[in-house]
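Engineer: Sharing a model that was predicted from the sequence below.
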Amino acid sequence: AQSVAQPEDQVNVAEGNPLTVKCTYSVSGNPYLFWYVQYPNRGLQFLLKYITGDNLVKGSYGFEAEFNKSQTSFHLKKPSALVSDSALYFCAVRDGDNYGQNFVFGPGTRLSVLP
Amino acid sequence: GAGVSQSPSNKVTEKGKDVELRCDPISGHTALYWYRQSLGQGLEFLIYFQGNSAPDKSGLPSDRFSAERTGGSVSTLTIQRTQQEDSAVYLCASSPQGHKAFFGQGTRLTVV
């Protein structure tokens, strides 16, 4: 079985500062990792994924994430935060060795970027 | 359409009534998922269809909840005898063979 932890319910950062949203995971097989963002009253939008290859993955809107196998982490980062980045962020994992498994999502982290 | 389509976008129903929520996945996507999201909270897995395999129903909260997927395409989530705790946004997603999932806009269900 797989699971995802997002240890911070809320992250506050000043506009222009770097941001990090943390995610750790547990999966028995090969981890496929994802970040999604949800703006108010909107569905989930895909940001980026790690399937294989370089540990540093670049995605939409200037976001990137680093896969760390030894720490079982996949933290989301952005060098310079914008007020418009304020939203709810979800990390997800699925077992890449078993398509019979669904996506498991973390509880979400609310990011607030202050002007 | 280009994306996952869910209908209705909003549904208000009286306690005890049955409701049906519809999901039209992206054409060709073999996997279809239903999740539930309470106000500002995380995603609760409900059910997962993958091709012709038996669905993973392990997330359905009670026997009042059921879902089917006809012809490997459209899916309907049915909630019988709705309760106030069923009020939430119901999200559908589809995926081509397990890579990223594409989400619909959701159906906001309010049970009064």
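Structural biologist: The structure has been received and is ready for your questions. Residues are numbered from 1 along each chain as shown, chains lettered A, B, ... in the order given.

Engineer: can you pull the contacts of the residue sitting nearest the centre point of chain B?
Structural biologist: With distances taken as C-alpha atoms, centre = their mean, residue B:34 lies nearest the centre of chain B, 3.6 Å away. Residues in contact with residue B:34, defined by C-beta atoms under 8 Å, 6 or more residues apart in numbering or on different chains, are B:23, B:46-48, B:67, B:75, B:77, B:90-92. Backbone N, C-alpha and C define where each C-beta goes, glycine included.

Engineer: any idea which element it lies in?
Structural biologist: Using DSSP states H and E, residue B:34 maps to strand B:31-37.

Engineer: my read: residue B:93 touches residue B:35, true?
Structural biologist: Yes. Contact criterion C-beta atoms under 8 Å: residue B:93 and residue B:35 qualify, at 7.1 Å.

Engineer: hmm, the helix or strand bottoming out on mean pLDDT in chain A touching chain B?
Structural biologist: Taking mean pLDDT, DSSP states H and E as the measure, the helix or strand of chain A with the lowest value is strand A:104-105, at a mean of 90. Yes. Residues of strand A:104-105 contacting chain B under C-beta under 8 Å from any C-beta of the partner chain: A:104-105.

Engineer: so which of the contacts of residue B:34 would you say is closest to residue A:36?
Structural biologist: Nearest to residue A:36 among these, counting by C-beta to C-beta, is residue B:91 at 10.7 Å.

Engineer: How many residues are close by the closest one?
Structural biologist: For residue B:91, the count of nearby residues is 25 (other C-beta atoms under 10 Å in any protein chain shown).

Engineer: how many neighbours does residue 15 have?
Structural biologist: You didn't pick a chain, so chain A it is. 14.

Engineer: right idea, wrong chain: chain B
Structural biologist: 11.

Engineer: I'm done for today, thanks for sticking with me.
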